[in-house]
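Asks: Prediction below, plus the sequence it came from.
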Amino acid sequence: MKSIKELQDLTDSWALITGGSGHVGQAAADTLLELGAKVILLDRDAQSLEELTTNKYKDSGNIYSIVCDLASESAIREAIKSVAAITNDRLNILINNAAFVGTDKLTGWCVPFEQQAIDTFNDCLNVNLSAPFLLSQLAFELMKNQEQGPKSIINISSIYAVVGPRMALYEGTDMGNPAAYAASKAGLMQLTRWMSANVAPVVRVNNIVLGGIERGQPESFLTKYNANVPLARMATEEDVKGAIAYLSSDLSSYMTGQSLFLDGGWTVV
């Protein structure tokens, strides 16, 4: 029987993280690097990727980056070609993390329902749902012939995939909770279930349901949010690391099609 250390060892494994320059993307990268993996960060923000690879990760030796706009199908296809070139046609882990979120400044986004724009709604579905579908499809082609290491797709969903928003939280702030965000994250959860049944037993597909992460939100928001969480606080990036380690590695080798709720208990009350 393997030890816990052996089960979580990702030495010689390759991982691709979308939204790699963001807070959760970096937490995922830190986790996988600690476990021995080689990591490719994919993001549309070329400057942030450059800063990360030349500063934070400059001494890693196991970090790579690809600039890609997930709103573009052709860009996604080219990005996966770049992944294959970097890894010599290997891939063990895909983390679909990139997304439009409730703090993005988009036209017809964080506004009352009757003002939300259909074009922005569709743009959100494209990035939050269609892009993970295509990325997973292309990644599966690289994963299915791997003989060593885990083969795992991890989707990053949200509590708003399963419960409605409490709009009073956002009163007096420039934050919001657009319909498209909830719809896209619910779709991602169901896509997880569908894919898991169709790519098994070769690849596992699981989903992390994230609650809110504290990043300097207004005090009025934090007070109201924390009052609704049994653990009485928002998450930190560090809280994500255990879930990433578990689902990426053979610690979860008999788990697929599941959603791991990381919400401080928000959805149980």
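Replies: That came through, no problem.
Asks: Just give the number of residues close to the closest residue to residue 249 other than its chain neighbours.
Replies: Distances taken as CB to CB, 6 or more residues apart in numbering put residue 8 closest to residue 249, at 4.5 Å, once the chain neighbours are dropped. Where you see a C-beta, it was placed from the backbone N, CA and C, and this is true even at glycine. By other CB atoms under 10 Å, the residues close to residue 8 number 20.
Asks: do the same with residue 243
Replies: 22.
Asks: And the helices in the stretch 51-200 of the chain, which stretches?
Replies: With DSSP state H, counting those that start in this stretch as the criterion, the stretch 51-200 of the chain has helices at 73-87, 118-125, 131-143, 179-199.
Asks: Model confidence score at residue 106, please.
Replies: pLDDT recorded at residue 106 is 89.
Asks: pretty sure the residue nearest to residue 249 is touching residue 35, no?
Replies: Yes: using CB atoms under 8 Å, residue 8 makes contact with residue 35 at a distance of 5.7 Å.
Asks: is it true that residue 39 lies in a helix?
Replies: No: with DSSP: H, G, I helix; E, B strand; the rest coil as the criterion, residue 39 is strand rather than part of a helix.
Asks: can you tell me which residues contact it?
Replies: Contacts here follow CB atoms under 8 Å, 6 or more residues apart in numbering; on that basis residue 39 touches 14, 15, 16, 17, 20, 29, 32, 33, 62, 63, 64.
Asks: what residue ranges in the stretch 101-250 of the chain score low on pLDDT?
Replies: 102 (pLDDT under 70).
Asks: so where do the strands sit in it?
Replies: 152-158, 204-210 (DSSP state E, counting those that start in this stretch).
Asks: picking up where we left off before, among the contacts of residue 39, which are in strands?
Replies: Among the contacts of residue 39, DSSP state E puts 14, 15, 16, 17, 63, 64 in strands.
Asks: Count the neighbours of the nearest residue to the fourth one once chain neighbours are set aside for me.
Replies: I take that to be residue 17. If the residues on either side of it in the chain are set aside, residue 17 comes closest to residue 95, at 4.6 Å by CB to CB, 6+ apart. Look at residue 95: counted by other CB under 10 Å, it has 30 neighbours.
Asks: give me the beta-bridge partners of residue 95?
Replies: Legend: beta-bridge partners of residue 95 under DSSP bridges are residue 17, residue 154.
Asks: residues contacting it?
Replies: Counted by CB under 8 Å, 6+ apart, residue 95 has contacts 15, 16, 17, 18, 25, 28, 154, 156, 244, 248.
Asks: right, and the last one touches residue 153 too?
Replies: What that stands for is residue 248. No: taking contacts as CB under 8 Å, residue 248 lies outside contact range of residue 153: 10.0 Å.
Asks: picking up where we left off before, need the strands of the stretch 101-250 of the chain in CSV (columns: distance to residue 105 and mean neighbour count).
Replies: Formatted as CSV, the strands of the stretch 101-250 of the chain follow (distance: least, CB to CB, whole Å; neighbours: other CB atoms under 10 Å):
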stretch, distance to residue 105, mean neighbour count
strand 152-158, 19, 26
strand 204-210, 21, 25
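Asks: Which one of these lies nearest to residue 254?
Replies: Nearest of these to residue 254, taken as CB to CB: strand 204-210 at 8.8 Å.
Asks: helices or strands up against the closest one?
Replies: Packing contacts for strand 204-210, counted by 3 or more CB pairs under 8 Å, 6 or more residues apart in numbering; DSSP states H and E, involve strand 152-158, helix 179-199, helix 237-248, strand 259-262.
Asks: List the strands paired with that strand, with their directions.
Replies: strand 152-158 (parallel), strand 259-262 (parallel).
Asks: Dump these to TSV, plus distance to residue 200.
Replies: Output for those, formatted as TSV (distance: least, CB to CB, whole Å):
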stretch	distance to residue 200
strand 152-158	11
strand 259-262	16
